[in-house]
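Colleague: the sequence isn't on hand, but the structure is:
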């Protein structure tokens, strides 16, 4: 066969392959560009802007970054799921502040520290309603309840590409677009209602709370009762979290106001934890109060020893989560300085809670 002919054919095949590679590359880049534009326009986790409608699946790991960067606020309600049902409008009406709700399910002290510092960084927030959730202080100072997508929480714009090309954003974008196409739930976006969606079908009633208590008692059968030495290790971790992640906030921000409150978890939780952590949590609570009372920019409030709340199981959907009515009451009480903790009364308040727990008899409920 003619050598020249073979060379020409080889060159043609090479050129065809190159053209195919170039066309494929251009097609791939074009497709990625289109996807990126769609993600940017839909913005499923409001990273670039707040949405216009409520057709969104708000994920705590993602949407808190959007709230911090795009919401209009001068203060913040910060906490675990203990503040999911808080209504910022009540704080606007009673306290004269404009808070963003920054709730983070199962928030560790490290998460709370992060949320406060981010609110200061983005909006110079001056006032914080801060839920002191005793349940999550027995952790390492670096622990988080959910892994944060750090590229959403830093100031590096280049790594935002991870948001535009991410399976989680793809599925959420598809969800938003489908609801829009079908015309489902086109009501205006309400930032105050964020994080509440999971509670809309829950029932706050004694039967529900007791059912969760029974499940917890059943799960306790798999737990080992901690030794005194193990409890001391837990207490040490709690104190370290307090100093490293919470007291540091007060020390570094003397010009900002912190309204710290102990959320009213039900008597059922204390009862279920009697053999495991109740005593150590109460010891830590008294220690934490004593330490926090040393700061002039901190006011403390206790809602854990209020009989009409924590003993009334109709206020709860499980052993810890209370209704929106209780959330509103907490804010109003704080605005009026009710249930204030002072150097004169804190030991009495903690002892009252101890007595309430010790005197509680679960058999009073006919089940």
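Modeller: Done, it's in. Source: prediction; values computed, not measured.
Colleague: so how far is residue 226 from the most centrally placed residue in the chain?
Modeller: Most central in the chain under C-alpha atoms, centre = their mean is residue 104, positioned 0.4 Å from the mean C-alpha point. Residue 104 sits at a distance of 27 Å from residue 226 (criterion: C-beta to C-beta, to the nearest Å). The way it works is simple: take the backbone N, C-alpha and C, and place the C-beta from them, glycine included.
Colleague: ok, back up a step: check which helix or strand the closest residue to the residue nearest to the centre of the chain other than its chain neighbours maps to.
Modeller: When the adjacent residues along the chain are set aside, residue 104 lies closest to residue 111, with 4.9 Å between them (C-beta to C-beta, 6 or more residues apart in numbering). Assigning secondary structure by DSSP states H and E places residue 111 in helix 109-123.
Colleague: which residues are contacting that helix?
Modeller: Residues from elsewhere that reach helix 109-123 (C-beta atoms under 8 Å, 6 or more residues apart in numbering): 64, 68-69, 71, 73-76, 78-79, 100, 102, 104, 107, 125, 128, 130, 136-137, 139, 141-145, 148, 153, 241-242, 244-246, 248-249, 253, 256.
Colleague: in that helix, what's buried?
Modeller: Within helix 109-123, the residues that qualify as buried by neighbour count (16 or more other C-beta atoms under 10 Å) are 109-116, 118-120, 122-123.
Colleague: need the next SSE after that helix, C-terminal direction.
Modeller: In the C-terminal direction, the helix or strand that comes right after helix 109-123 (DSSP H and E) is strand 127-131.
Colleague: what pairs with that following strand, parallel or antiparallel?
Modeller: Strand 127-131 has its sheet partners listed here by DSSP bridges as strand 75-79 (parallel), strand 257-262 (parallel).
Colleague: format these as TSV; extra columns: mean neighbour count, distance to residue 347 and mean pLDDT.
Modeller: Below are these laid out as TSV (neighbours: other C-beta atoms under 10 Å; distance: least, C-beta to C-beta, whole Å; pLDDT from 0 to 100):
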stretch	mean neighbour count	distance to residue 347	mean pLDDT
strand 75-79	27	25	98
strand 257-262	22	14	98
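Colleague: which of those strands sits closest to residue 294?
Modeller: strand 257-262 (12.7 Å; C-beta to C-beta).
Colleague: next one: whichever helix or strand comes after that closest one to chain centre, how far?
Modeller: Per DSSP H and E, the first helix or strand lying C-terminal to strand 257-262 is helix 267-272. Relative to the centre of its chain, helix 267-272 is centred 23 Å away, using C-alpha atoms, centre = their mean, to the nearest Å.
Colleague: ok, stretch 261-274 next?
Modeller: In terms of C-alpha atoms, centre = their mean, the centre of stretch 261-274 is found 19 Å from the chain centre.
Colleague: endpoints of that stretch, how far apart?
Modeller: 22 Å (C-alpha to C-alpha, to the nearest Å).
Colleague: and what of stretch 246-263?
Modeller: Stretch 246-263 stretches 16 Å from its first residue to its last (C-alpha to C-alpha).
Colleague: and for stretch 68-75?
Modeller: Taking C-alpha to C-alpha, the span from the opening residue of stretch 68-75 to its closing residue is 11 Å.
Colleague: list the buried residues for that stretch?
Modeller: Applying 16+ other C-beta under 10 Å to stretch 68-75 flags 68, 69, 70, 71, 73, 75 as buried.
Colleague: re the thing from before, which two of the buried residues of helix 109-123 have the greatest separation?
Modeller: Using C-beta to C-beta for every pair in these, the one that comes out farthest apart is 109 and 123, at 21.8 Å.
Colleague: so what touches stretch 211-228?
Modeller: The set of residues that contact stretch 211-228 without belonging to it, under C-beta under 8 Å, 6+ apart, is 234, 268, 269, 271, 272, 275, 276, 277, 317, 318, 319, 362.
Colleague: surely the first one is within a helix?
Modeller: Spelled out, that is residue 234. Yes - counting by DSSP: H, G, I helix; E, B strand; the rest coil, residue 234 is located in a helix.
Colleague: show me the contacts for it.
Modeller: Counting by C-beta under 8 Å, 6+ apart, the residues that residue 234 touches are 138, 226, 277, 280.
Colleague: would CSV of those residues with neighbour count, distance to residue 186 and pLDDT be doable?
Modeller: Below are the contacts of residue 234 laid out as CSV (neighbours: other C-beta atoms under 10 Å; distance: C-beta to C-beta, whole Å; pLDDT from 0 to 100):
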residue, neighbour count, distance to residue 186, pLDDT
138, 20, 44, 97
226, 15, 52, 96
277, 19, 46, 97
280, 21, 50, 97
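Colleague: and those residues, which two are furthest apart?
Modeller: Greatest spatial distance among the contacts of residue 234 (C-beta to C-beta): 138 and 226, at 10.3 Å.
Colleague: okay, and the common contacts of these two?
Modeller: For the pair residue 138 and residue 226, residues contacting each of them under the criterion C-beta under 8 Å, 6+ apart are 234, 277.
Colleague: state the number of residues packed around residue 354.
Modeller: Number of residues near residue 354 (other C-beta atoms under 10 Å) recorded here: 18.
Colleague: that one reaches residue 282, doesn't it?
Modeller: Yes - judged on C-beta atoms under 8 Å, residue 354 makes contact with residue 282 at a distance of 5.9 Å.
Colleague: wait, residue 105 touches residue 84, no?
Modeller: Yes - assessed by C-beta under 8 Å, residue 105 is found in contact with residue 84 at 7.5 Å.
Colleague: show me which of the two is the more surrounded one.
Modeller: When residue 105 and residue 84 are compared on other C-beta under 10 Å, the one with more neighbours turns out to be residue 84, at 21 against 15.
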